[in-house]
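[1] I'd like to go over a predicted model; first the sequence, then the structure.
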Amino acid sequence: MNLSLRILSVLIWAGAVAAAPAARAGAPDGAAIYKQKCSMCHGVDGKGFSAIHTPDFTDPKVQASMTDKQMEEVIKNGKKGTAMPAFGGKLKDDEIQAVIKYLRSLNSEKKK
(Lines give C-alpha, C1' and ligand atoms only; values in the text may rest on other atoms or scores of the structure.)
Protein backbone atom coordinates (compact mmCIF):
# COMPACT_ATOMS: atom_id res chain seq x y z
CA MET A 1 0.00 0.00 0.00
CA ASN A 2 1.44 3.35 -0.95
CA LEU A 3 1.76 6.24 1.48
CA SER A 4 -1.26 8.14 0.13
CA LEU A 5 -3.54 5.15 0.65
CA ARG A 6 -2.19 4.61 4.17
CA ILE A 7 -2.81 8.23 5.07
CA LEU A 8 -6.31 8.06 3.59
CA SER A 9 -7.04 4.86 5.53
CA VAL A 10 -5.92 6.45 8.78
CA LEU A 11 -8.01 9.56 8.13
CA ILE A 12 -11.11 7.49 7.36
CA TRP A 13 -10.58 5.37 10.50
CA ALA A 14 -10.02 8.49 12.64
CA GLY A 15 -13.16 10.08 11.25
CA ALA A 16 -15.20 6.97 12.03
CA VAL A 17 -13.87 6.86 15.59
CA ALA A 18 -14.56 10.57 16.10
CA ALA A 19 -18.09 10.24 14.69
CA ALA A 20 -19.01 7.19 16.80
CA PRO A 21 -19.81 9.14 20.01
CA ALA A 22 -21.91 11.60 18.02
CA ALA A 23 -23.98 8.73 16.62
CA ARG A 24 -25.00 7.73 20.14
CA ALA A 25 -24.83 11.18 21.69
CA GLY A 26 -28.06 10.62 23.62
CA ALA A 27 -26.77 7.84 25.87
CA PRO A 28 -23.49 7.74 27.78
CA ASP A 29 -21.43 4.57 27.42
CA GLY A 30 -21.28 3.00 30.88
CA ALA A 31 -18.60 0.50 29.86
CA ALA A 32 -16.33 3.26 28.54
CA ILE A 33 -16.83 5.38 31.66
CA TYR A 34 -16.15 2.34 33.86
CA LYS A 35 -12.99 1.55 31.92
CA GLN A 36 -11.73 5.12 32.23
CA LYS A 37 -12.77 5.97 35.81
CA CYS A 38 -13.27 2.70 37.70
CA SER A 39 -11.25 -0.18 36.27
CA MET A 40 -7.98 0.78 37.93
CA CYS A 41 -9.47 -0.10 41.33
CA HIS A 42 -12.31 -2.44 40.40
CA GLY A 43 -10.52 -4.37 37.66
CA VAL A 44 -11.11 -4.38 33.92
CA ASP A 45 -13.41 -7.38 34.35
CA GLY A 46 -15.20 -5.96 37.44
CA LYS A 47 -13.88 -8.68 39.75
CA GLY A 48 -12.19 -6.17 42.05
CA PHE A 49 -8.95 -6.66 43.94
CA SER A 50 -8.98 -8.41 47.30
CA ALA A 51 -5.78 -6.60 48.33
CA ILE A 52 -7.60 -3.26 48.29
CA HIS A 53 -11.01 -4.68 49.26
CA THR A 54 -12.93 -3.69 46.14
CA PRO A 55 -16.10 -5.69 45.46
CA ASP A 56 -16.43 -8.39 42.81
CA PHE A 57 -19.29 -7.05 40.66
CA THR A 58 -19.51 -10.39 38.83
CA ASP A 59 -20.59 -12.09 42.09
CA PRO A 60 -24.39 -12.43 42.35
CA LYS A 61 -24.16 -12.06 46.15
CA VAL A 62 -22.38 -8.72 45.80
CA GLN A 63 -24.94 -7.62 43.22
CA ALA A 64 -27.83 -8.60 45.52
CA SER A 65 -26.27 -6.78 48.47
CA MET A 66 -26.64 -3.34 46.85
CA THR A 67 -29.59 -1.48 45.41
CA ASP A 68 -29.12 0.83 42.45
CA LYS A 69 -29.75 3.75 44.82
CA GLN A 70 -26.95 2.55 47.12
CA MET A 71 -24.59 2.23 44.16
CA GLU A 72 -25.53 5.73 43.06
CA GLU A 73 -24.82 7.14 46.53
CA VAL A 74 -21.39 5.48 46.69
CA ILE A 75 -20.46 6.62 43.20
CA LYS A 76 -21.62 10.19 43.88
CA ASN A 77 -20.34 10.59 47.43
CA GLY A 78 -17.58 8.02 47.81
CA LYS A 79 -17.43 5.46 50.60
CA LYS A 80 -16.22 6.63 53.98
CA GLY A 81 -13.38 4.59 55.45
CA THR A 82 -12.30 3.29 52.03
CA ALA A 83 -10.30 4.53 49.07
CA MET A 84 -13.52 5.01 47.05
CA PRO A 85 -13.59 8.69 46.02
CA ALA A 86 -16.66 10.76 45.21
CA PHE A 87 -17.45 11.10 41.51
CA GLY A 88 -20.48 13.36 41.92
CA GLY A 89 -18.49 16.36 40.72
CA LYS A 90 -16.87 14.43 37.88
CA LEU A 91 -19.77 12.48 36.38
CA LYS A 92 -23.21 13.64 35.30
CA ASP A 93 -26.27 11.83 36.66
CA ASP A 94 -26.89 10.03 33.35
CA GLU A 95 -23.26 8.89 33.29
CA ILE A 96 -23.60 7.48 36.81
CA GLN A 97 -26.77 5.65 35.76
CA ALA A 98 -24.93 4.25 32.73
CA VAL A 99 -22.14 2.96 34.99
CA ILE A 100 -24.68 1.33 37.30
CA LYS A 101 -26.35 -0.33 34.32
CA TYR A 102 -22.95 -1.58 33.18
CA LEU A 103 -22.11 -2.88 36.68
CA ARG A 104 -25.40 -4.78 36.72
CA SER A 105 -24.49 -6.38 33.39
CA LEU A 106 -21.40 -7.91 35.00
CA ASN A 107 -23.51 -10.16 37.25
CA SER A 108 -22.39 -13.71 36.42
CA GLU A 109 -25.82 -15.06 37.33
CA LYS A 110 -27.33 -13.19 34.37
CA LYS A 111 -24.78 -14.74 32.01
CA LYS A 112 -25.87 -18.35 32.59
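    Cool, the structure landed.
[2] Now do the contacts for the closest residue to Ala98 other than its chain neighbours.
    Closest residue to Ala98 in three dimensions, ignoring its sequence neighbours and counting by C-beta to C-beta, 6 or more residues apart in numbering: Gly30, at 3.4 Å. C-beta: built from backbone N, CA, C; applies to glycine. With C-beta atoms under 8 Å, 6 or more residues apart in numbering as the criterion, the residues that contact Gly30 are 95, 97-103.
[3] Distance of Gly30 relative to Asp68?
    Applying C-beta to C-beta, to the nearest Å, the value for Gly30 to Asp68 is 12 Å.
[4] Need the overlap of contacts for the two.
    Ile100.
[5] thinking again about what came up before, so which two of the contacts of Gly30 are the farthest from each other?
    In the contacts of Gly30, the most distant members under the criterion C-beta to C-beta are Glu95 and Leu103, with 12.8 Å between them.
[6] Tell me which helix or strand comes right after the lowest-mean-pLDDT helix or strand in the chain.
    Taking all helices and strands of the chain together, the one with the lowest average confidence (mean pLDDT, DSSP states H and E) is helix 3-23, at a mean of 48. Scanning forward in sequence from helix 3-23 by DSSP states H and E, the next helix or strand is helix 30-37.
[7] Following the chain onward from that following helix, which element is next?
    Stepping forward along the backbone from helix 30-37, the first helix or strand reached (DSSP H and E) is helix 39-42.
[8] can you tell me which residue is nearest the centre of this structure?
    For the chain, Tyr34 is the residue whose C-alpha lies nearest the centre (C-alpha atoms, centre = their mean; 1.7 Å).
[9] From Glu95, how far off is that one?
    10 Å.
[10] who touches both of those two?
    Contact criterion C-beta under 8 Å, 6+ apart; no residue bridges Tyr34 and Glu95 by contacting each.
[11] ok, how many other residues are close to Ile33?
    Taking other C-beta atoms under 10 Å as the criterion, the count of residues near Ile33 is 20.
[12] And the pLDDT for it?
    pLDDT, the model's per-residue confidence, is 98 for Ile33.
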